[in-house]
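**Student:** Give me a 3D structure for the following:
(chains A and B)
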Amino acid sequence: MDIFLKDISRDRIATWDHLIDDLNNSSIYNIYCKSDDYYKVLKQIILSLLTGKEIILLDSDSTDAEIKKLTGHTDLSEFNTVLNKGFIPKINNKRDLIQTIKNPPPNWKITLFTSGTTGIPKKVSHTFTSISRFVKTSERTKDNIWGFAYNPTHMAGIQVFFQALLNGNSIIRLFGLSNNEIFNEIRNNHITNISATPTFYRLLLPCSEKFSSVKRITSGGEKFNKSTFDQLSIVFPNAKITNVYASTEAGTLFASQDEVFSIRSDFEAFIQIKNNELFIHGSLLGKTTTIFGEWYNTGDLVEIVSQQPLKFRFLNRKSEMINVGGYKVNPLEVEEVILEVKGITNVRVFPKKNSILGNIICCEVVSSDHQITEAKIRSLLQYKLQEYKIPRIITFVDSLPTTRTGKIKRNS
Amino acid sequence: MAMVRVNMVLFLGYYKIRDDINTYVMKEIVLKIINTVLENRAKPKVKLLKPDMHLRNDIGFDSLDLAELTVRVEAEFNIDIFEDGIINTVGEIYTKLEK
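**Tutor:** Residues are numbered from 1 along each chain as shown, chains lettered A, B, ... in the order given. Okay, here's the model as predicted:
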């Protein structure tokens, strides 16, 4: 059986033939894609590639308030359009599908949202060239079986999806499963490649079993510590473990075996390091609504290890973005929403170091209403923010410390 | 001699009772913390904890809940229970806190 996607959380095994039938019989398309069913998300991306229509990805757990803020609309079903017969090219088989996808209509684009620096999420659009720039297709990659451990509406998930799709590989969902289910899926499906955040791997450990089918473990989104790295080498004895640096704006940019990233010589012209800050040339980026000039400042601080060839190591981010288990949270966005809670007059959102997620979100609030409790604020925020953005520890204070310029101090 | 032995027994008994009380209090605090985390996520609370209960499979914690648990436990006991790696059961929390 040639599997396209296996998702045991939904009892679903979709073969490539099933997918092709489904695509050939599709009659409705919506530019907005918001679903917690991985199959529906991946199918809709493929449908957009076949029709050349834009696709805008929204997280399935986004609240109605967040959707309104991002899209300006409340009812996305208004955007359903009928696909007339003959509008989608007829697909005969898997080979045919992959060939057609590799040459999508020129207007096709995929749009995602990323935490902006001002509190308003930023829209980033990629063309087929920019999204598939780092996809490798070869004899060696054609039989890979992917353990899918990302959210499919985030950049990392999209990149894994395109790598698997253009190689005709099978995708096995691992994200959101219990450890036992994850281990069963790796063992039973002979998964060869897994790409996930360090938090995902950390939560798999300790594990006494060994999985020899896995050839490649990729991690990104946060710093990977040595202890996790060592334990993973034992659980996956045949795997090459790689760190990647990627961003929603540019996709995957660099990979390394350890903390030091070396830059290929043909790539050096697109990278600049000024005052320890990493800049990327605009030609590598997707289109964003923010104007940044020829060079884009990633907000990442790096330390140069060698000039020729260029090697560097990441220090941390200069920006105020908080990394929660690989998800970036903008404290300003969270503060804005908390200030909407009646009775709260001031708020400070800040990170606290955490051994599981890297950081967790905390906040201090000044409240004029003594009836307000932590649980009450949390339950109100559930309707306004995605779960990972909601502060996990809320403390009540009489006033908040400010800097000399009157800004709220954000360091914990 | 008999007097010394009685005193010794009382002395050791005192420490045993004190340890038992401390363990009881520690377990009650852990229960309270776990229920705070559950309540904050609008998940059903637990009435009692057993050492073999699995934090994720039995209590229903996800990674965000586990992270919150570590912070709340650390604030109370000054111990990062996840510092040396992930722990999975209630009993493992007790062990970390009894040290």
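**Student:** so how far is A:K311 from A:S265?
**Tutor:** Look at A:S265 and A:K311: by C-beta to C-beta, to the nearest Å, they are 12 Å apart. C-beta: built from backbone N, CA, C; applies to glycine.
**Student:** secondary structure class for the closest residue to A:N189 other than its chain neighbours?
**Tutor:** The shortest distance from A:N189 to any residue other than its chain neighbours is 4.9 Å, reached at A:I172 (C-beta to C-beta, 6 or more residues apart in numbering or on different chains). Put simply, A:I172 is strand when judged by DSSP: H, G, I helix; E, B strand; the rest coil.
**Student:** Next, the contact list for A:I172, please.
**Tutor:** Taking C-beta atoms under 8 Å, 6 or more residues apart in numbering or on different chains, we find A:I172 in contact with A:I3, A:L5, A:K6, A:I145, A:W146, A:G147, A:F148, A:E185, A:N189, A:I191.
**Student:** Domains in chain A, by residue range?
**Tutor:** Domains of chain A are assigned by automatic domain parsing as A:3-243, A:321-396.
**Student:** B:K27: which of these is closest?
**Tutor:** Nearest of these to B:K27, taken as C-beta to C-beta: domain A:321-396 at 22.3 Å.
**Student:** measure the closest one end to end?
**Tutor:** 23 Å (C-alpha to C-alpha, to the nearest Å).
**Student:** How far away from the center of its chain is it?
**Tutor:** Put simply, domain A:321-396 sits 21 Å off its chain's centre (C-alpha atoms, centre = their mean, to the nearest Å).
**Student:** mind checking how far the one helix or strand in chain B whose mean pLDDT sits lowest is from the chain centre?
**Tutor:** Lowest on mean pLDDT, DSSP states H and E among the helices and strands of chain B sits helix B:2-40, with a mean of 82. Centroid separation between helix B:2-40 and its chain, computed with C-alpha atoms, centre = their mean, is 11 Å.
**Student:** pLDDT weak spots in chain A?
**Tutor:** Along chain A, the parts satisfying pLDDT under 70 run over A:115-120, A:221-225, A:246-252, A:257-258, A:286-293, A:316-319, A:402-412.
**Student:** Start from the N-terminal end of the stretch 151-300 of chain A and give the strands.
**Tutor:** Remark: strands assigned in the stretch 151-300 of chain A by DSSP state E, counting those that start in this stretch are A:170-173, A:193-196, A:216-220, A:240-247, A:251-256, A:260-262, A:271-274, A:277-281, A:287-288, A:295-306.
**Student:** Packing partners of the fourth one?
**Tutor:** In this case it means strand A:240-247. For strand A:240-247, the packing partners by 3 or more C-beta pairs under 8 Å, 6 or more residues apart in numbering or on different chains; DSSP states H and E come out as helix A:155-167, strand A:216-220, helix A:226-235, strand A:251-256.
**Student:** Please identify the residues of chain A in proximity to chain B?
**Tutor:** Residues of chain A lying close to chain B by C-beta under 8 Å from any C-beta of the partner chain are A:178-179, A:199, A:202-203, A:205-206, A:227, A:231, A:324-325, A:352, A:354-357, A:360, A:362, A:374-375, A:378-379, A:382, A:387-388, A:392-393.
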